[in-house]
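Chemist: Just need the structure, nothing else, for what follows:
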Amino acid sequence: MADKSTDLTVSNGGSDGALIASSDLDVEGQNPDLEERSASKFDMAVGDLDLLRQVVLVLSISICVALIVMLFFWVKEPEMRPLGVYETEELIPVLDYLDQQQINYKLDGNNVSVESSEYNSIKLGMVRAGVNKPTEAGDDILLQDMGFGVSQRLEQERLKLSRERQLAQAIEEMKQVRKARVLLALPKHSVFVRHNQEASASVF
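Modeler: Residues are numbered from 1 along each chain as shown. Next up is the predicted model:
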């Protein structure tokens, strides 16, 4: 009897060992699946990160291109100078003259502005054509008190006007000159242009 019990015990112990071994094998067999899932999640996270970087890069490039285009058009935009404020009866012949000469101008109410680079030639052409003078000269508009928020362009125009008047007074001090008027053409300097135009002046 002792031998039989011993055999059963051994046999039972062997079955338990077999069960434990089989369970260990099952766990080891499941580990590769877990590793594959972890690797796939990591790859997905890396892929999402790369996609986010691409989106940020595209947006950054788009913003830079938009800023460059805006800066280009701002540099190309001509600088306007007020020609004068006209009554309705005087405004019509002035606009007709500008249209006939195909001159670019901006109309704001009764205030007419033209490109600063063509201001001198336009004023001279209007005098030759006999176009009525404005009721309020464009120079007087620049000297009006604009209050707060005066733009840098307006300050530059005021500085140019003061220089024109100083030069005119200096010329009038000559004996053979009775009356003088000076018009300065100061080109806008740009860092994007290698050779900027030189300043010029017209004396009447």
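
Chemist: Just confirm Q176 is within a helix.
Modeler: No: counting by DSSP: H, G, I helix; E, B strand; the rest coil, one finds Q176 to be coil, located in no helix.

Chemist: Can you report how many residues lie near it?
Modeler: Neighbourhood size, Q176 [other Cβ atoms under 10 Å]: 4. Where you see a C-beta, it was placed from the backbone N, CA and C, and this is true even at glycine.

Chemist: quick one: what helix or strand has L183 in it?
Modeler: For L183, the element it lies in under DSSP states H and E is strand 182-185.

Chemist: D50 sits in which helix or strand?
Modeler: Per DSSP H and E, D50 falls inside helix 2-76.

Chemist: what packs against the next helix or strand along the chain from that helix?
Modeler: On the C-terminal side of helix 2-76, the closest following helix or strand by DSSP H and E is strand 80-85. Under the contact criterion of 3 or more Cβ pairs under 8 Å, 6 or more residues apart in numbering; DSSP states H and E, the helices and strands touching strand 80-85 comprise strand 111-115, helix 119-129, strand 136-137, helix 138-143.

Chemist: how much does strand 80-85 deviate in direction from strand 111-115?
Modeler: For the pair strand 80-85 and strand 111-115, the angle between their directions (axes from the mean of the first three to the mean of the last three Cα atoms, to 10 degrees) equals 140 degrees.

Chemist: could you check the angle helix 119-129 makes with strand 80-85?
Modeler: Using the same axes, to 10 degrees, strand 80-85 lies at 30 degrees relative to helix 119-129.

Chemist: got the CA positions of strand 80-85 in CSV?
Modeler: Backbone C-alpha positions of strand 80-85 (Å, rounded to 0.1, in the frame of the first residue of the first chain) are rendered in CSV as follows:
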residue,chain,number,x,y,z
MET,A,80,0.2,110.0,-52.3
ARG,A,81,0.4,113.7,-51.7
PRO,A,82,-2.7,116.0,-51.4
LEU,A,83,-3.2,118.2,-54.4
GLY,A,84,-5.9,120.3,-52.8
VAL,A,85,-9.5,120.6,-51.6
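
Chemist: What residue spans form the domains of the protein?
Modeler: Taking automatic domain parsing as the domain assignment, the ranges for the chain are 1-77, 78-203.

Chemist: worst average pLDDT in these?
Modeler: Across the domains of the chain, domain 1-77 has the smallest mean pLDDT, namely a mean of 62.

Chemist: I figured L98 hits S113, correct?
Modeler: No: shown here, L98 and S113 do not form a contact pair, counting by Cβ atoms under 8 Å, at 10.8 Å.

Chemist: so what sits against both of those two?
Modeler: Overlap between the neighbourhoods of L98 and S113 consists of Y105, taking contacts as Cβ atoms under 8 Å, 6 or more residues apart in numbering.

Chemist: burial count for Q166?
Modeler: Q166 has 11 neighbouring residues, counting by other Cβ under 10 Å.

Chemist: residue contacts, it?
Modeler: Applying Cβ under 8 Å, 6+ apart, one finds that Q166 lies in contact with no residue.
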